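Visitor: Next come a sequence and a model predicted from it.
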2 protein chains.
Amino acid sequence: MDKENRTLDPRDWEKMRNLGHQMVDDLIDYWKGIQEKPIWKPIPEEVKKSLDEPIPSHHMDPQEVYNEFKENIFPYNKGNVHPRFFAWIQGTGTPLGTFADLMASGMNPNVTIGEHAPMYVDKQVISWCKEMMGFPPEASGILVSGGSMANITALTVARNSIKGENIRKSGMSHLDKKLILYCSTETHSCIQKAAEIIGLGSENIREIEVNEFYEMRSDLLEKQIFSDLENGFRPFCIVGTSGTVNTGAIDPLDEILRISRMYDLWFHVDGAYGALAKLDPIYENRLKAIEKADSLAFDLHKWFYVPYEVGCTLIRDSEKHRAAFSQTPNYLIQEKRGLAGGPDSLNHYGFELSRGFKALKVWMSLKENGLEAYKGMIAQNNRQAEYLGKLVESQEGLELMAPVSMSITCYRMNPGNLPEQKLKDLNREILLRIQEEGIAAPSSTLLKGKFTLRVANVNQRTRFEDMEILVRETIRIGKEVLSDLDFS
Amino acid sequence: MDKENRTLDPRDWEKMRNLGHQMVDDLIDYWKGIQEKPIWKPIPEEVKKSLDEPIPSHHMDPQEVYNEFKENIFPYNKGNVHPRFFAWIQGTGTPLGTFADLMASGMNPNVTIGEHAPMYVDKQVISWCKEMMGFPPEASGILVSGGSMANITALTVARNSIKGENIRKSGMSHLDKKLILYCSTETHSCIQKAAEIIGLGSENIREIEVNEFYEMRSDLLEKQIFSDLENGFRPFCIVGTSGTVNTGAIDPLDEILRISRMYDLWFHVDGAYGALAKLDPIYENRLKAIEKADSLAFDLHKWFYVPYEVGCTLIRDSEKHRAAFSQTPNYLIQEKRGLAGGPDSLNHYGFELSRGFKALKVWMSLKENGLEAYKGMIAQNNRQAEYLGKLVESQEGLELMAPVSMSITCYRMNPGNLPEQKLKDLNREILLRIQEEGIAAPSSTLLKGKFTLRVANVNQRTRFEDMEILVRETIRIGKEVLSDLDFS
């Protein structure tokens, strides 16, 4: 037998150490100077070509691999580390959050089972999440990759907890009544995706109309439940949103809570973006009902400013949570001692058996900043959104497209003499050019069919003056577009 | 309005830089000296206490946060970076893989949508995965957190692709026939979990008996399908396993492929652990049928030695893949230019909208090592498992518990004069002590009801002599246990 020992470890440890140092230096320089850099730039065709080559066969020196990365990948980043990134809802991250990811990856534990410190860090972070959200200590929770997974995890528990049924065992097709899920027309698309995946079907979602503030109309919700009951459906869950993705609207959570109790329905809050607004005293009261929800989904890589990926599901009734997922295959028998001891396996609480050490970046970040800093930071994003709203309102030719709620501001340029289609063309062109010129990155959405620029601010680097720059540049580019294009 | 600008960026960038350098140094020293360190040690009570404190309120210097981490977390790692870690199936990671995670976290893109280099790296890695697995270039795929997510993603596509039904829209409860999924009694528990989550129900899984090599019996599979059809069920999918978690067994994939074609069923391969054995020439032929599968799940953080988390789902028919998940909410409208341009959004191909840059560690690792190195490395793990098997067979008092397949070796101590319960007590105690003494970390499983030590080797640091150490120490500890405990 050939007993030569191969390994993928470095041929030269000191060169690898040096490479790690270079990376740290390059990142520090990148972050530190980020506001002077363009937020985005186009990717040259030859770079795209280099990222379309077949699988490499042979060894390449790690330094050369890194050089290639520095040439072809690093310069063409998405830009959500930049102070004027406001597209979709994507957080900034922090340096210590990233360094925590370094250590997490280097330790490389699978944080599902076993007696090792990462399991306890994960537990502690879940406890802190419960504390932040006003969930009781006996509630349970799990860290997941983000909002979509957090929501589907909660909805699976909701579905598996339906009284008198054993859906884990019997599945959905034996049910004689269709299960109905309620949310609003502004609810995030991942709720529909979750409903499709867990076998409810999108036609069994009732999207309740919203009022002029884009909040679910609870009167219509109650009517719909009543009518579904009359028609032989089986309502089982209401999803209320804390911070809709389009406008930051907050559904009437107190009312939804009341209705869910009255009809014995599961009350889930999708707070992927906006549950953390609870830390801003101005929103605290309106979000109080979160504390009474049966389940809550929220993201930490959005408004808690930690790097991708980490979101969280909290479940009020930990027994229902465990009953929804628990299983113990033979090869995962838990011992009382040794490595195979430790806390209750986390595969009893979610979809995954492979779980990295994503808890560490939350742990280090909370230690570094403390809860008070998050309160101030989140409140600042809300004040910046309001400031942007005021700037928009003060400018002739700009139009606020929705009430500012949480940290989302929707606006557009409207010179007053153009039909809707032209307004759409104008604002799309503004959006593209403001990105292409590397100035700022809002994104867009449709509100009541109208194309609007959308500024979602979960950015720990944004300064108030960035809002002034955004408004100034919108107007400048808008004027250029108006004179460039044929708007007659 | 208060326009003071808060940020979570470091108060002192140079101190943060220095901290990053310390972390790199500590990791290099940790990895480099890992084989001299104990594989595991118990966590002192005061450490557990420190990981049970309430949420921090105020700022702590990052250096102090790191010091606390170094004292309370780093020393009590799980140990799968160690050359004698063989528990469950957990990979080692590599230094450059970890440094790739550092850069991925520092760039912090959400790799779902947009025109930026990480989207192209993700595409390239999927192409490479297809190449490695012999999937055609027109197939599609998505990187996920690991095997559980890879399998449920594939099974969702399978379910949503059932002819004549629109399960996304109508859900499962309108189906008049129950959908039936086939796998073996040795199939990984995540298949059951997936079936429960997507609404099939565990009672609609048919676990087909295995032969003496723990491989699915295709004669019984065909009988069962026939009987289910007769009884008004609707078979829709067969899961074949390439490398079972207990013993590394390979289901008769060619036979399953034939049967799936004959009955028009979806053929999914769970290769979470063992699809990559395809790179070992000795297994290549037996795994050839993977290339014809409708879908394949496999992990890169296991036998591709990259750090957690990254797994992959491949789907032969990319249109079915997209049709299973695609949705375009208003706020994700794709443009032809600017940041909101770019490749097809990846949320059309899976559960998630939040996706980190996990592709980078695969990209850098493949560039660094080249495919040839992986072929050698994977083959070495298989040869090491076989070597361990031979050592076990050559030792009086040790017993091989299953044929060695791929890189899993199951064995136990059996002095020949003890009843089953005592053998279990003996081997459990050996398992716990060998971990507690920090020597090695096998885990355990039950095979035909018998407790066995299980050595799963996806470790790029293991040397052949580690197998000799394992055998020697099993015997030494076994003898101690026999003399310590009352085995009369």
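Guide: Right, received. Where do you want to start? Numbers count the residues shown, from 1 in each chain, chains lettered A, B, ... in the order given.
Visitor: Going by C-alpha atoms from here, please, whenever you check contacts or count neighbours.
Guide: Noted.
Visitor: what about chain A, any weak spots by pLDDT?
Guide: Within chain A, the ranges that satisfy pLDDT under 70 run A:1-3, A:487-488.
Visitor: nearest spatial neighbour of residue A:283, skipping sequence neighbours?
Guide: The shortest distance from residue A:283 to any non-neighbouring residue, by Cα to Cα, 6 or more residues apart in numbering or on different chains, is to residue A:277 (6.1 Å).
Visitor: Could you give the number of residues near the one you found?
Guide: 24 (other Cα atoms under 10 Å in any protein chain shown).
Visitor: So it: helix, strand or coil?
Guide: helix (DSSP: H, G, I helix; E, B strand; the rest coil).
Visitor: Ok, residue A:411 next?
Guide: Residue A:411 - assigned by three-state DSSP - is strand.
Visitor: show me the contacts for the closest residue to it other than its chain neighbours.
Guide: Distances taken as Cα to Cα, 6+ apart put residue A:400 closest to residue A:411, at 4.3 Å, once the chain neighbours are dropped. For residue A:400, the contacting residues are A:389, A:392, A:393, A:409, A:410, A:411, A:412, by Cα atoms under 8 Å, 6 or more residues apart in numbering or on different chains.
Visitor: same check, this time on residue A:452
Guide: Residues near residue A:452 by Cα under 8 Å, 6+ apart: A:401, A:410, A:411, A:412, A:424, A:427, A:444, A:445, A:446.
Visitor: Residue A:71 looks like it's in a helix, true?
Guide: Yes: under three-state DSSP, residue A:71 sits within a helix.
Visitor: Just list the residues touching residue A:9, thanks.
Guide: Counting by Cα under 8 Å, 6+ apart, residue A:9 has contacts B:94, B:95, B:460, B:461.
Visitor: Can you tell me which of these is nearest residue B:62?
Guide: Distance to residue B:62 across the contacts of residue A:9 (Cα to Cα) is lowest for residue B:95, with 23.5 Å.
Visitor: Make sure the closest one is actually in contact with residue A:106.
Guide: Yes: Residue B:95 lies in contact with residue A:106 (Cα atoms under 8 Å); the separation is 7.2 Å.
Visitor: Let me have the contacts of residue A:452 in JSON lines, adding distance to residue B:130 and neighbour count as columns.
Guide: Below are these laid out as JSON lines (distance: Cα to Cα, whole Å; neighbours: other Cα atoms under 10 Å in any protein chain shown):
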{"residue": "A:401", "distance to residue B:130": "46", "neighbour count": "21"}
{"residue": "A:410", "distance to residue B:130": "42", "neighbour count": "30"}
{"residue": "A:411", "distance to residue B:130": "44", "neighbour count": "25"}
{"residue": "A:412", "distance to residue B:130": "44", "neighbour count": "27"}
{"residue": "A:424", "distance to residue B:130": "41", "neighbour count": "20"}
{"residue": "A:427", "distance to residue B:130": "41", "neighbour count": "23"}
{"residue": "A:444", "distance to residue B:130": "35", "neighbour count": "27"}
{"residue": "A:445", "distance to residue B:130": "35", "neighbour count": "21"}
{"residue": "A:446", "distance to residue B:130": "37", "neighbour count": "19"}
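Visitor: Look at residue B:95 and residue A:106 and report which has more neighbours.
Guide: Comparing residue B:95 with residue A:106 by other Cα under 10 Å, the one with more neighbours is residue A:106, at 29 against 26.
Visitor: ok, residue A:157 to chain B distance?
Guide: Applying Cα to the nearest Cα, to the nearest Å, the value for residue A:157 to chain B is 9 Å.
Visitor: what's the most distant pair in the contacts of residue A:452?
Guide: Spatial extent of the contacts of residue A:452 (Cα to Cα) is set by the pair A:410 and A:424 at 13.8 Å.
Visitor: Can you classify residue A:355 as helix, strand or coil?
Guide: Under three-state DSSP, residue A:355 comes out as coil.
Visitor: For it, give me its contacts.
Guide: Counted by Cα under 8 Å, 6+ apart, residue A:355 has contacts A:110, A:111, A:112, B:145, B:146, B:308, B:309.
Visitor: so what's the backbone phi/psi at it?
Guide: Residue A:355 adopts backbone torsions of phi -140, psi 120, taken as degrees, to the nearest 10.
Visitor: next one: residue A:11
Guide: Main-chain dihedrals, residue A:11, degrees, to the nearest 10: phi -70, psi -30.
Visitor: my guess is residue A:151 meets residue A:190, correct?
Guide: Yes: assessed by Cα under 8 Å, residue A:151 is found in contact with residue A:190 at 7.5 Å.
Visitor: who's more crowded, those two?
Guide: More crowded of residue A:151 and residue A:190, by other Cα under 10 Å: residue A:151, with 30 against 22.
Visitor: For residue B:350, see how far away that one is.
Guide: 14 Å (Cα to Cα, to the nearest Å).
Visitor: again, but for residue A:342
Guide: From residue A:342 to residue B:350 the distance is 33 Å (Cα to Cα).
Visitor: same question, residue A:388
Guide: 35 Å.
Visitor: How about residue A:87?
Guide: To residue B:350, residue A:87 is 21 Å away according to Cα to Cα.
Visitor: Check residue A:90 too.
Guide: Per Cα to Cα, residue A:90 is found 19 Å from residue B:350.
Visitor: What ranges does chain A have for its strands?
Guide: A:85-86, A:140-144, A:179-184, A:205-208, A:234-241, A:266-271, A:295-299, A:311-315, A:398-400, A:408-413, A:441-447, A:450-456 (DSSP state E).
Visitor: Quick check: residue A:382 touching residue A:389?
Guide: No: using Cα under 8 Å, residue A:382 makes no contact with residue A:389, being 10.6 Å away.
Visitor: does stretch A:29-39 come close to chain B?
Guide: Yes: counting by Cα under 8 Å from any Cα of the partner chain, chain B is contacted by stretch A:29-39 at residue A:32.
Visitor: How far off centre is that stretch?
Guide: Relative to its chain's centre, stretch A:29-39 lies at 24 Å (Cα atoms, centre = their mean, to the nearest Å).
Visitor: Can you give me the buried ones in it?
Guide: Buried positions in stretch A:29-39, judged by neighbour count with 16 or more other Cα atoms under 10 Å in any protein chain shown: A:30, A:31, A:34, A:35, A:38, A:39.
Visitor: shouldn't the last one be in contact with residue B:116?
Guide: No: with contact defined as Cα under 8 Å, residue A:39 does not reach residue B:116; the gap is 11.3 Å.
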